[in-house]
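>>> Provided below are the primary sequence and the corresponding predicted coordinates.
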Amino acid sequence: MIPIYEHKVIVLSSDIDENRHANNLCYLRWMNEAAIAHSNANGWSAQRYLELGLNWFARRHTIEYLIPAQEDDELTVKTWIGDWRNIRSTRKYRFVRKNNQAVIAEAETLWVFVNLATGKPTRIPQIVTDSFAVVNF
């Protein structure tokens, strides 16, 4: 089990917007990539969720931008599970610039577990929650 997953990102020229820093949509993409990689690392691929007929749906994203990310920045997106609550889970993220360890953003996503056949939220099975540690810091 990997409690805190570290996903590496390099800010590309295509990530830079008219304000000369990484666009906010890039942060959402990096969050999603980190969440998927963390889930895979703990044994839960997209295929495994689909075999259960269940999957995660994002309900809310919150991002606090602290320092702009610039082209060629090497970032580590740290992600972990903040809590489990019946049908939902909060996943947290911290974006750290490699060269100086500056925290450039903090974020979280509220995920809801959904039964794909009914489209309705459903209780997160213990087999899923047992695969991830809840980290509080």
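Nice, I can see it.
>>> what helix or strand is the residue located most distally from the centre of the chain located in?
Computed with CA atoms, centre = their mean, the residue of the chain farthest from its C-alpha average is Glu18, at 25.6 Å. Using DSSP states H and E, Glu18 sits in no helix or strand.
>>> for the protein, just list every one of the helices.
Assigned by DSSP state H, the chain shows helices spanning 24-41, 46-52, 126-129.
>>> tell me the buried residues in the last one?
When you say that, I think you mean helix 126-129. Using 16 or more other CB atoms under 10 Å as the test for burial, helix 126-129 gives Val128. Glycine gets a C-beta too; all of them are placed from N, C-alpha and C.
>>> can you check the longest one too?
Residues of helix 24-41 classed as buried: Cys26, Tyr27, Trp30, Met31, Ala34, Ala35, Ile36, Ala37, His38, Ser39 (neighbour count, 16+ other CB under 10 Å).
>>> packing partners of that helix?
With contacts taken as 3 or more CB pairs under 8 Å, 6 or more residues apart in numbering; DSSP states H and E, helix 24-41 sits against strand 5-10, strand 54-65, strand 74-85, strand 88-97, strand 103-115.
>>> which one of these lies nearest to Phe132?
strand 74-85 (4.8 Å; CB to CB).
>>> what's the mean pLDDT across the closest one?
Averaging pLDDT along strand 74-85 yields 98.
>>> what's the closest of the helices of the chain to Arg59?
Arg59 sits nearest to helix 24-41 of all the helices of the chain, at 13.4 Å, using CB to CB.
>>> quick one: that closest one to strand 103-115, angle?
Helix 24-41 runs at 60 degrees relative to strand 103-115, counting by axes from the mean of the first three to the mean of the last three CA atoms, to 10 degrees.
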